[in-house]
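J.: got a predicted model here, sequence first, then my questions.
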Number of protein chains: 2
Amino acid sequence: MTRNTTTSARPPTLKTIAFMTGYSVTAVSRALKDAPDISEQTKERVRLVANQIGYRPSRAGLRLRTGKTQVISLILDVDEEIMGLTSQMVNGISQSLRETNYHLVVTPYSHREDGMVPVRYVVETGSADGVILSRTEPQDPRIKYLLSNNMPFITHGRTELGVDHPWVDYDNERFAFDSVKRLAGLGAKQIGLLAPASNLTYAGHLKTGFARAIAEFNLDMFPIDRLTIDDSLDQVEAVVAEIMSGSNRPDALISAAGSAAMAAAAGIERAGLKIGEDVHLVSKQSTNILHRYRREIIVFNENVYDAGQQLATGILYAINDRSSEHLTHLAYDGELPLD
Amino acid sequence: MTRNTTTSARPPTLKTIAFMTGYSVTAVSRALKDAPDISEQTKERVRLVANQIGYRPSRAGLRLRTGKTQVISLILDVDEEIMGLTSQMVNGISQSLRETNYHLVVTPYSHREDGMVPVRYVVETGSADGVILSRTEPQDPRIKYLLSNNMPFITHGRTELGVDHPWVDYDNERFAFDSVKRLAGLGAKQIGLLAPASNLTYAGHLKTGFARAIAEFNLDMFPIDRLTIDDSLDQVEAVVAEIMSGSNRPDALISAAGSAAMAAAAGIERAGLKIGEDVHLVSKQSTNILHRYRREIIVFNENVYDAGQQLATGILYAINDRSSEHLTHLAYDGELPLD
DNA sequence: CCTCCCAACTGTATCGTTACAGTAAAATCG
DNA sequence: CGATTTTACTGTAACGATACAGTTGGGAGG
């Protein structure tokens, strides 16, 4: 509570330390950077004083001089899955950024608009040192743009650009495969997949795993083309209800998102069918909610908090150790047991 | 696509415009600020050139010189309601910030730690021009601190500090009152309230409205003391199940959060009771999910996206028009109809 | 005709930091 | 012992913006 009230309490700068130690501003700066042309004793003294008075480098000064913003920009789709995905990702990222001097700036956009806009903004204004992207496409133009403009980035989701870049992803292919396998074990014969918008890379992963398992276990694929998990929940519920009312209906559904699974479950029940008996339902979730919703849903977890941490670690690595090596991380947890 | 590739493509500064127009850097700066000592013709010319070359003031330069960061800091509780509250708030804030030059920085903390830490950080490092707080307490020390340090802020939730400050809130008292009223209409006699942690201001609002309605409609209050909606969903489910298995059990519950309502519903059913028959359940939600979860739940909407927009507008007002007037906003939407 | 004022600028210093070019003194070398 | 290198610093300029203190040329006023 006791504060230096004689001065106007302006935060200490290099100048302050220089004055207190008798060294020049330059010497202090280089001492704190552990430069080789500063004696060990001097460094010691400077560090001591800096700690004592609680020196923190000015972000503005640093940024003006070096161009480093110490900011990570999270490009966020505002229409992303409603159930906690965003907040968990933000929390994960923040957790990893906590011990660093990096701040997290959220730059939202709608995937219905041009996804290039926020990316261009960050590059043109130099408002961040690195970018975190999600909802990647196989030939993602944002990534080409970032690469050609030399802006460090990491993606949540992979691409098929033939260039190496850091990414974090959930093994959706395996999820789809294991889901089908599980359903085959339950005696399902004809399975439908509620996939994301087909322009997204992970839609392909899902379909690959799905198709592979369908073939391997000798099942039928029930095509659901006019629906994605990014449609409104009302839409999902309505279309699923309609599908389930048909004479040739699937006896199992796989949903790639928890919110869509809840809507699908509602649709199934609206058609007068029972989940776990008439129709099996498998879904991924990023928030532990589905088992409470309908105990009969078969649940796989996608840990988005973890993904956030990985993304933060990866982007810091991409920013600071600009080697050609890129951190990549493919996560998979398997089915969540009941209780 | 055509870009100036002769120079190293550094973004234009005041210097650039000064060179192009022939004016001094100072004149250009003042022209763009619409200063009175610059002729109208000059301003016109400068603005034209500035627009043509896509000039954007450097945040670093501005910040270093003026101390203005053009940053709003959102202090976020990482343990906040899991279901979309955070992302909707972020989206709402971003939407309002979109047309401004302000960036949104997320500064998370856990309410289990000291809530002063992130607030102190922002003030001490001057890392934002304004702060958005939630989970306010009646005598919130963070607010006292921000006031005494002259840092503009706005709160999501009110206080009882006796000082005027900008805030946005949901009318929880009315929600609680209307919920009880609704339940009275359904013939409920003994009602329990699933409230947030009692240190939060809105816990008081809820209890006030609850108590007032209980008295007015001549009902009984079923005290639920050992549970808050900030407890884990497993905890909520377990305790509700236990309560509902008792001989003297409530015949209606009011939940102040959608996630807790889902857990409570699970608990009710675990006790072998039916929602809407044996036990009525009313809940607030910020994401339209509860009706799909159990159609029998009586749902009130809290529009957090709107609240985010209001918060952003309010904090900008507090930052820029530093009059004594404060924007405040009390929202209430009433019950959400089925379908 | 000289003074004073005013409009419309220009010039300089500064915010905090770092790159780069000195520089003084001590250490090393033949 | 003088020349050269090394060590450990200091000084200056620059990043982009703005505050404040000039400066200039023209017009009004006495």
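T.: Arrived safely, thanks for sending.
J.: alpha carbons only for contacts and neighbour counts from here, please
T.: Will do.
J.: show me where the stretch 201-339 of chain A dips below the pLDDT cut-off.
T.: Of all residues in the stretch 201-339 of chain A, none has pLDDT under 70.
J.: with the stretch 1-150 of chain A instead?
T.: If you take pLDDT under 70 as the line, the stretch 1-150 of chain A has these spans: A:1-8, A:81-82.
J.: for it, which segments count as helices?
T.: Taking DSSP state H, counting those that start in this stretch as the criterion, the stretch 1-150 of chain A carries its helices at A:14-21, A:25-32, A:40-52, A:59-66, A:85-97, A:116-125, A:141-148.
J.: who are the packing partners of the third one?
T.: Helix A:40-52 sits against helix A:14-21, helix A:25-32, with contacts defined as 3 or more C-alpha pairs under 8 Å, 6 or more residues apart in numbering or on different chains; DSSP states H and E.
J.: can you say which of those is nearest to B:Met262?
T.: helix A:25-32 (53.2 Å; C-alpha to C-alpha).
J.: only alpha carbons, please: show that closest one as CSV.
T.: Extracted in CSV, the C-alpha atoms of helix A:25-32 (Å, rounded to 0.1, in the frame of the first residue of the first chain):
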residue,chain,number,x,y,z
VAL,A,25,20.8,3.8,-20.6
THR,A,26,22.5,1.7,-23.2
ALA,A,27,24.5,-0.2,-20.7
VAL,A,28,21.4,-0.9,-18.6
SER,A,29,19.5,-2.1,-21.7
ARG,A,30,22.3,-4.4,-22.7
ALA,A,31,22.8,-5.6,-19.2
LEU,A,32,19.2,-6.7,-18.9
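J.: mind listing what's buried along that helix?
T.: With burial defined by 16 or more other C-alpha atoms under 10 Å in any protein chain shown, the residues of helix A:25-32 counted as buried are A:25, A:27-32.
J.: how about stretch A:270-288?
T.: Residues of stretch A:270-288 classed as buried by neighbour count (16+ other C-alpha under 10 Å): A:270-271, A:273, A:275-276, A:278-288.
J.: show me the residues you listed that map onto strands.
T.: Residues of those located in strands (DSSP state E): A:280-285.
J.: pick the one among the residues you listed closest to chain B.
T.: Using C-alpha to the nearest C-alpha, A:Gln285 is the member of these that lies nearest chain B, at 12.1 Å.
J.: so who does that closest one touch?
T.: A:Gln285 sits next to A:256-259, A:299-302 when contact means C-alpha atoms under 8 Å, 6 or more residues apart in numbering or on different chains.
J.: what is the nearest of the ones in strands among the buried residues of stretch A:270-288 to DNA strand D?
T.: Nearest to DNA strand D, judged by C-alpha to the nearest atom of the strand, of these is A:Gln285 at 45.5 Å.
J.: any idea how many residues pack against the one residue in the stretch 51-200 of chain A that gets nearest to DNA strand D?
T.: Nearest residue of the stretch 51-200 of chain A to DNA strand D, counting by C-alpha to the nearest atom of the strand: A:Arg65, 3.3 Å away. When neighbours are counted by other C-alpha atoms under 10 Å in any protein chain shown, A:Arg65 registers 11.
J.: residues of chain A that sit close to DNA strand D?
T.: Proximity of chain A to DNA strand D, by C-alpha under 7 Å from any atom of the strand, involves residues A:22-28, A:37-42, A:61, A:64-65.
J.: pull the most distant pair out of those.
T.: A:Gln41 and A:Leu64 (30.1 Å).
J.: which residue does chain A have closest to DNA strand C?
T.: Closest residue of chain A to DNA strand C, C-alpha to the nearest atom of the strand: A:Pro57 (3.1 Å).
J.: distance to A:Arg182 added to the ones in strands among the buried residues of stretch A:270-288, as CSV?
T.: Compiled in CSV, these are given as follows (distance: C-alpha to C-alpha, whole Å):
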residue, distance to A:Arg182
A:His280, 10
A:Leu281, 11
A:Val282, 9
A:Ser283, 12
A:Lys284, 13
A:Gln285, 17
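J.: as a markdown table, those residues with distance to DNA strand C would be great.
T.: Putting these into a markdown table (distance: C-alpha to the nearest atom of the strand, whole Å) gives the following:
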| residue | distance to DNA strand C |
| --- | --- |
| A:His280 | 59 |
| A:Leu281 | 55 |
| A:Val282 | 52 |
| A:Ser283 | 49 |
| A:Lys284 | 45 |
| A:Gln285 | 43 |
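J.: and which of those residues is nearest A:Ile53?
T.: Distance to A:Ile53 across these (C-alpha to C-alpha) is lowest for A:Gln285, with 47.6 Å.
J.: picking that back up, the helices and strands packed on helix A:40-52: which one's closest to chain B?
T.: With C-alpha to the nearest C-alpha as the criterion, chain B lies closest to helix A:14-21 of these, at 14.5 Å.
J.: can the closest one be found next to chain B?
T.: No - judged by C-alpha under 8 Å from any C-alpha of the partner chain, helix A:14-21 and chain B are separated, with a smallest distance of 14.5 Å.
J.: which stretches in the stretch 101-250 of chain A count as strands?
T.: Counting by DSSP state E, counting those that start in this stretch, the stretch 101-250 of chain A has strands at residues A:103-109, A:130-134, A:153-156, A:167-170, A:190-194, A:220-222.
J.: of all these, which one is nearest chain B?
T.: strand A:103-109 (4.5 Å).
J.: quick one: the closest one to strand B:103-109, angle?
T.: Interaxial angle, strand A:103-109 versus strand B:103-109 (axes from the mean of the first three to the mean of the last three C-alpha atoms, to 10 degrees): 120 degrees.
J.: got the CA positions of strand A:103-109 in PDB?
T.: Extracted C-alpha coordinates of strand A:103-109, given in PDB (Å, rounded to 0.1, in the frame of the first residue of the first chain):
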ATOM      1  CA  HIS A 103      -1.000 -10.500 -24.600                       C
ATOM      2  CA  LEU A 104      -3.900 -12.200 -26.400                       C
ATOM      3  CA  VAL A 105      -6.000 -10.100 -28.700                       C
ATOM      4  CA  VAL A 106      -9.200 -11.500 -30.000                       C
ATOM      5  CA  THR A 107     -10.000 -10.600 -33.600                       C
ATOM      6  CA  PRO A 108     -13.400 -12.000 -34.500                       C
ATOM      7  CA  TYR A 109     -15.000 -12.400 -37.900                       C
END
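J.: and the contacts of it?
T.: In contact with strand A:103-109 (C-alpha under 8 Å, 6+ apart) are residues A:70-78, A:94, A:97, A:115, A:118, B:91, B:94, B:103-107.
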